[in-house]
Each structure stands twice: as C-alpha cells, then as structure tokens.
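> quick one, what's the 3D model for this:
(one chain, ligands or ions: 1)
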Amino acid sequence: MHIGITCYPVAGGSGVVATELGIELAKRGHQIHFITYSPPFRLQRFIENIYYHEVEVSNYPLFRFPPYTMSLACRMAEISKQWHVDLLHVHYAIPHATAAFLARSILKKESPKVVTTLHGTDITLVGMDKSFYGITQFSIEESDGITAVSEFLKKITLSEFNLNKDIEMIPNFVDTERFKPSMDKRQRKQFARDEEKILMHISNFRPVKRTEDVIKIFKLINEEIPSKLILIGDGPDLSKVLLLSKELEIEDRVISLGGQDYVENLLPLADLFLLPSEQESFGLVALEAMSCGLPVIATNVGGLPEVVSDGIDGYLLPLGDVRSMAEKGIELLSSENRLRNFKENCRKKAVERFDSRLIVPLYEEYYEKVIGGR
Ligand code: GMT
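From the prediction side, this is the model:
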C-alpha cells in the first residue's frame with residue numbers, strides 16, 4: 001500500500017505512535033509518505049520505503065495567523081496524486097482530519113481513503129473546547145475509518161460526539177526488541193550509587209502530566225529509600241518542577257536530562273516509573289517503561305487501567321494522592337522479591353499483549369477493510 005501519514009512531528013505520544021507505525025509498515029513493504037511540517041522526531045535515519053514531504057506555510061503579511069491547515073491540505077492532495085497514495089492516515093483529529101477532508105475534496109474521484117486515529121487530548125481537551133467541537137465532530141465523521149488507542153477513548157468519543165460511525169480500538173504498541181531490560185548496569189553508575197534506586201519520569205511537562213506530583217512522590221520515597229529521580233523531556237512546567245525540587249531540598253537528587261531521542265537506552269537504568277497524570281487516554285510512555293521491565297505508579301484515570309494492572313505490574317491510585325503513590329513505591333522498592341515479580345510481569349505483558357508485531361497487523365487489516373469499502 002502507499003500510505004500518507006500526518007502527525008505532530010514534535011515529541012509527544014501521538015507523534016511517536018505515528019512515526020513508529022510508519023517505520024513498522026515500511027519494514028513490512030508498504031510505501032510510507034510522512035507529510036508534516038518538520039521531520040518526525042523519532043525518524044532520524046534513512047529507512048527504506050519512507051519518504052518525507054515538508055509542509056511549508058506562507059507568511060504573507062496579511063495573514064495574522066498562518067493558514068497551516070490549508071497548506072497541509074494542498075500538500076496532502078499534491079503528494080497523494082504524485083505518489084498514488086491509497087490511504088491518508090492522520091493522527092490527532094485537529095487539524096489533521098480537517099486537512100485530510102479538504103485534500104479529498106480537492107482530489108474528488110481520485111482521492112485516497114482517510115483514516116483518523118484519535119489519541120486523547122484531541123478529544124478530551126481540544127475537541128471538547130466549544131470552539132473546536134463542531135469541526136472536530138465533522139472531521140471525524142468525514143473520515144472513512146476512525147481508530148482510538150483505548151477502550152476509554154473510544155467510549156468517551158462515541159458519547160461526547162454522538163457519532164453515527166463505529167470506532168475501531170487499536171491499542172498503542174511497543175517494539176519490545178528495542179525497548180527491553182538491560183543487564184548491563186555500568187551506565188547506571190553515572191546517575192546513582194549501587195545502593196540507591198532510580199525513579200524516572202518522561203513527558204512533555206504540560207499541566208496534564210502533573211509533574212509537580214512527581215517531585216512530591218519522589219521526596220516521600222527518597223526519605224525512606226535513598227534514590228535518584230531522572231526527568232526526561234521538556235515543556236512549560238519543567239522550570240516549576242525544578243524550582244519545587246529546590247524548595248523541597250532534593251535538587252541534588254533530581255537529574256533533568258531534557259529531551260532525549262533514544263529513551264530506550266535510559267529507561268532500563270531505572271527501577272520504577274512515575275506517571276501521576278490528570279488524564280491519559282493510553283499512556284504510551286508507561287508501556288515503553290514496562291517493556292523495559294519498569295513497574296509504573298500511575299493515576300487511576302482514562303486508559304491507564306488498560307495498560308497497568310494494579311498490584312501486578314504497577315499501582316493505580318487516585319488523582320493527586322501523592323502520599324499513597326509514595327507508599328506503594330516504598331512497598332515495592334523495599335522488597336527485592338516483589339520488585340522482581342513486578343518487573344517480570346511488566347515485560348511479559350508488553351511482549352504478550354502490546355508488541356508491535358501483534359498490533360501493526362491490526363492496522364493493516366483495518367486499512368484493507370477501509371480501502372475495500374471504496
Ligand atoms: O499527552 C501527551 O503525551 C501527548 C499526547 C499526544 O497526542 O501527542 O498523548 C496522547 O496520545 C498518546 C499516544 O496515543 C497517549 O499514549 C497519551 O495517553 C495521550 N495523552 C493524553 O491523553 C493526555
């Protein structure tokens with residue numbers, strides 16, 4: 001198949017899923033065309049069957065707001081025609097599904113099919129903002145196929161948007177050969193002493209991630225079990241978080257590494273992953289951590305219970321309950337046996353339920369179904 005993929009190319013779950021999916025599909029012989037405003041951040045090497053087409057936006061002085069959606073639609077139409085694209089797969093409804101609708105309208109009969117994958121904030125935050133509601137609903141419904149990354153997201157989309165189309169649930173996936181536990185602990189010494197544990201958090205440090213809770217949980221754990229906290233990623237709340245670690249006098253135990261391209265090399269160094277988000281439609285980073293053998297302490301919200309099993313491979317606790325999250329962290333880290341069991345359960349679940357080799361074929365089957373319905 002010739003498949004056009006559009007996503008937000010910057011660090012973030014939906015961009016990661018779109019890019020990893022493109023890479024996997026290319027490996028399986030499909031021709032993949034990324035149509036984005038910059039190269040997707042996890043696509044940093046040449047890969048056979050993958051093409052990148054940049055979307056440029058005109059900056060004519062009259063335009064107070066550059067019309068990105070229109071430039072994207074034109075580029076989608078142009079690439080679809082030139083490369084005989086069978087299907088445009090857009091990740092994140094706004095504005096990508098809208099641009100795909102416009103591209104199809106430009107191409108008329110020669111147009112590719114459109115599949116929209118909903119990731120979460122496009123529905124929970126953006127789509128339900130009144131000003132975006134109508135266009136989100138319209139664009140989703142105009143797609144030939146709609147997928148959502150969790151049952152939770154499928155359910156709220158169907159109820160909030162009153163759609164008269166079905167949504168296929170295809171969960172996120174992980175390459176368990178790349179994201180795997182490591183026996184080589186030498187690099188660990190760079191961050192912590194042998195007797196210390198390492199806790200990790202990775203995100204884009206937006207308010208929805210409640211990164212200050214990460215610091216609060218860590219402080220309580222560190223009081224009982226000497227540990228280090230590694231923060232990966234960058235975003236609007238990072239400076240607040242670092243300031244809080246200073247106020248709580250744990251700044252010497254918090255290591256901020258900023259944005260990192262190869263988190264699969266860092267995750268296996270840690271013992272525990274913290275994800276106290278206000279909302280997660282899935283929590284891809286939790287799955288990547290679990291694939292590296294890290295139990296996850298997270299909030300009991302959104303699609304996280306579809307990824308983390310409470311008391312088996314992590315713990316799910318009420319939003320904002322940093323004390324209970326810390327208590328569970330201490331419980332886990334103070335028993336080597338329990339920690340080992342949880343680690344094994346994490347890895348097992350990632351391999352048996354969420355490996356890319358199991359999930360990517362579901363997208364292929366879905367594409368065929370959508371194209372077959374021409
Ligand atoms: O919240 C993020 O990290 C970014 C956001 C995105 O769209 O890029 O992530 C959403 O999509 C991810 C991939 O499907 C999911 O794993 C995240 O749970 C989801 N984020 C939220 O729902 C807050």
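> show me where this protein has helices.
13-27, 68-82, 93-107, 121, 130-142, 151-161, 211-224, 238-247, 284-291, 322-333, 336-353, 356-372 (DSSP state H).
> closest to the ligand out of the ones you listed?
helix 13-27 (2.4 Å; Cβ to the nearest ligand atom). Where you see a C-beta, it was placed from the backbone N, CA and C, and this is true even at glycine.
> elements contacting that closest one?
Counting contacts by 3 or more Cβ pairs under 8 Å, 6 or more residues apart in numbering; DSSP states H and E, helix 13-27 is packed against strand 2-6, strand 31-36, strand 50-54, strand 87-91, strand 113-118, helix 284-291, helix 356-372.
> hmm, 7 Å instead?
Helix 13-27 sits against strand 2-6, strand 31-36, strand 87-91, helix 284-291, helix 356-372, with contacts defined as 3 or more Cβ pairs under 7 Å, 6 or more residues apart in numbering; DSSP states H and E.
> including distance to Ala73 and mean neighbour count, could those go into TSV?
Shown next, in TSV, are those (distance: least, Cβ to Cβ, whole Å; neighbours: other Cβ atoms under 10 Å):
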stretch	distance to Ala73	mean neighbour count
strand 2-6	10	24
strand 31-36	10	23
strand 87-91	10	27
helix 284-291	28	28
helix 356-372	20	16
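> looking at the helices of the chain, which is buried most?
Stretch with highest mean neighbour count among the helices of the chain: helix 284-291 (a mean of 28; mean count of other Cβ atoms under 10 Å).
> name the residues that touch that helix?
Identification of contacts with helix 284-291 by Cβ atoms under 7 Å, 6 or more residues apart in numbering yields 13, 16-17, 172, 174, 176, 179-180, 202-203, 263, 267, 273, 275, 296, 298, 304, 307-308, 313, 346-347, 349-350, 354.
> that one near the ligand anywhere?
Yes - using Cβ under 6 Å from any ligand atom, helix 284-291 reaches the ligand at Leu284.
> could I get the CA-only coordinates of that helix as PDB?
The C-alpha trace of helix 284-291 is given here as PDB (Å, rounded to 0.1, in the frame of the first residue of the first chain):
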ATOM      1  CA  LEU A 284       2.300   5.100  25.800                       C
ATOM      2  CA  VAL A 285       5.300   6.000  27.900                       C
ATOM      3  CA  ALA A 286       4.100   3.700  30.600                       C
ATOM      4  CA  LEU A 287       4.000   0.900  28.100                       C
ATOM      5  CA  GLU A 288       7.600   1.700  26.900                       C
ATOM      6  CA  ALA A 289       8.700   1.700  30.500                       C
ATOM      7  CA  MET A 290       7.000  -1.600  31.200                       C
ATOM      8  CA  SER A 291       8.600  -3.100  28.100                       C
END
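> chain center to the worst-scoring helix or strand of the chain on mean pLDDT, what's the gap?
Here the helix or strand of the chain ranked lowest by mean pLDDT, DSSP states H and E is helix 121, holding a mean of 84. Distance, stretch centre to chain centre, for helix 121: 11 Å (Cα atoms, centre = their mean, to the nearest Å).
> quick one, what contacts Val370?
For Val370, the contacting residues are Leu87, Lys113, Val115, Asp144, Gly145, by Cβ under 7 Å, 6+ apart.
> which one of these has the most neighbours?
Within the contacts of Val370, neighbour counts (other Cβ atoms under 10 Å) peak at Val115, which reaches 25 neighbours.
> domains of this structure?
As given by automatic domain parsing, the domain ranges for the chain are 2-173+355-371, 186-353.
> pick out the shakiest of those, pLDDT-wise.
Out of those, domain 2-173+355-371 stands lowest, with a mean of 93 (criterion: mean pLDDT).
> does that domain reach the ligand?
Yes - for domain 2-173+355-371, a contact with the ligand is found by Cβ under 6 Å from any ligand atom, at Gly12, Gly13, Ser14, Gly15, Val17, Tyr92, His119, Gly120, Thr121, Val149, Asn172.
> mind putting those residues into TSV with distance to Glu336?
Formatted as TSV, the residues of domain 2-173+355-371 next to the ligand follow (distance: Cβ to Cβ, whole Å):
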residue	distance to Glu336
Gly12	35
Gly13	32
Ser14	37
Gly15	37
Val17	34
Tyr92	42
His119	37
Gly120	35
Thr121	38
Val149	34
Asn172	31
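> grab the nearest non-local neighbour of Glu151.
Spatial nearest neighbour of Glu151, chain neighbours left out: Met169 (5.6 Å); criterion: Cβ to Cβ, 6 or more residues apart in numbering.
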